[in-house]
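1. After the sequence you'll find the predicted model.
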Amino acid sequence: ERFPADVRSVLEPADRASAGVVRLLTGTEWKEAEGWGRTFEDAEDLFFLHRWSWGASLAKAFAYTGDDRYAARFVELLERWAAANPPEAGRPAWESYSVTERIVHWLFSRELLKEAPAFRARGGALLERLLPEHARFLEEHLETGTSHNHLINNARALFQAGLLCPDLPRSAEWVALGWR
């Protein structure tokens, strides 16, 4: 095993996520049984939960180990998240920067999970529905109000979605918008 400390640093959060526990930015833990709408003392914890970087740890764990249980858990959590969080402006899950980060994490995860049987069975098709939904939402809710890195990251997410998903409707427009 190469880089065992690095692998452990991925497997530990992936194992926690597999058990339905996500350690958030402030160290607070979210437990799946609490639901996706739980409130937190620090709003950044709520945003972190909905940005899905913790989901990428499940994808990395699959890539390191080949253990399809990580992919299956990613898909299961993705299905539950999607059912609990339909697109709706004003909801914390649909804050523009969270949508941005979710697109990027899901694209990264999709690449790592594409050979996983559990992901091929259900997850790929679900992301094929969720990614354009997210990109369309982001197009309509770009963070243009002030000059900051959020708009740059909005553009990055649209560019990546269009570039990495060329078969999706509007992919060329997302590339162009992201580049512009």
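-> All right, it came through fine.

2. pLDDT value on the closest residue to residue 24 other than its chain neighbours, please?
-> Closest residue to residue 24 apart from its sequence neighbours, by C-beta to C-beta, 6 or more residues apart in numbering: residue 45 at 4.0 Å. Where C-beta positions appear, they are placed from N, C-alpha and C, glycine not excepted. If you check residue 45, the pLDDT there is 96.

3. What's the local residue count around residue 45?
-> Applying other C-beta atoms under 10 Å, we find 20 residues neighbouring residue 45.

4. how far away is it from residue 142?
-> From residue 45 across to residue 142, the span is 25 Å (C-beta to C-beta, to the nearest Å).

5. rewinding a little: can you name the residues that contact the residue nearest to residue 24?
-> Shown in contact with residue 45 (C-beta atoms under 8 Å, 6 or more residues apart in numbering): 24, 25, 26, 28, 30.

6. Buried only: go through those residues for me.
-> Neighbour-count burial (16 or more other C-beta atoms under 10 Å) applied to these gives 24, 28, 30.

7. Which of those residues fall in helices?
-> Judged by DSSP state H, helices contain none of the buried ones among the contacts of residue 45.

8. Tell me the one among these nearest to residue 81.
-> Using C-beta to C-beta, residue 30 comes nearest to residue 81 of the buried ones among the contacts of residue 45, at 11.8 Å.

9. That closest one contacts residue 16, doesn't it?
-> No: counting by C-beta atoms under 8 Å, residue 30 stays clear of residue 16, with 10.1 Å between them.

10. Name the residues contacting each of these two.
-> Common neighbours of residue 30 and residue 16, counting by C-beta under 8 Å, 6+ apart, are residue 22.

11. what stretches of the chain score poorly on pLDDT?
-> Scanning the chain with the threshold set as pLDDT under 70 gives 1, 147.

12. now the helices for it?
-> According to DSSP H, the helices that the chain contains are 4-18, 43-51, 53-65, 68-84, 96-113, 117-118, 124-140, 149-164, 171-179.

13. Excluding chain neighbours, what is closest to residue 136?
-> What sits nearest to residue 136 in space, not counting adjacent residues and going by C-beta to C-beta, 6+ apart, is residue 170, at 7.2 Å.

14. ok, now which ones touch the one you found?
-> 132, 135, 136, 162.

15. now swap in residue 175 and tell me
-> Residue 175 makes contact with 158, 159, 162, 163, according to C-beta under 8 Å, 6+ apart.

16. can you rerun that using 10 Å?
-> Contacts for residue 175 (C-beta atoms under 10 Å, 6 or more residues apart in numbering) come out as 158, 159, 160, 161, 162, 163, 164, 166.

17. Next one: it from residue 139, what distance?
-> 12 Å.

18. what is in contact with the two at once?
-> Any residue near both residue 175 and residue 139 by C-beta under 10 Å, 6+ apart counts here, and that gives residue 158.
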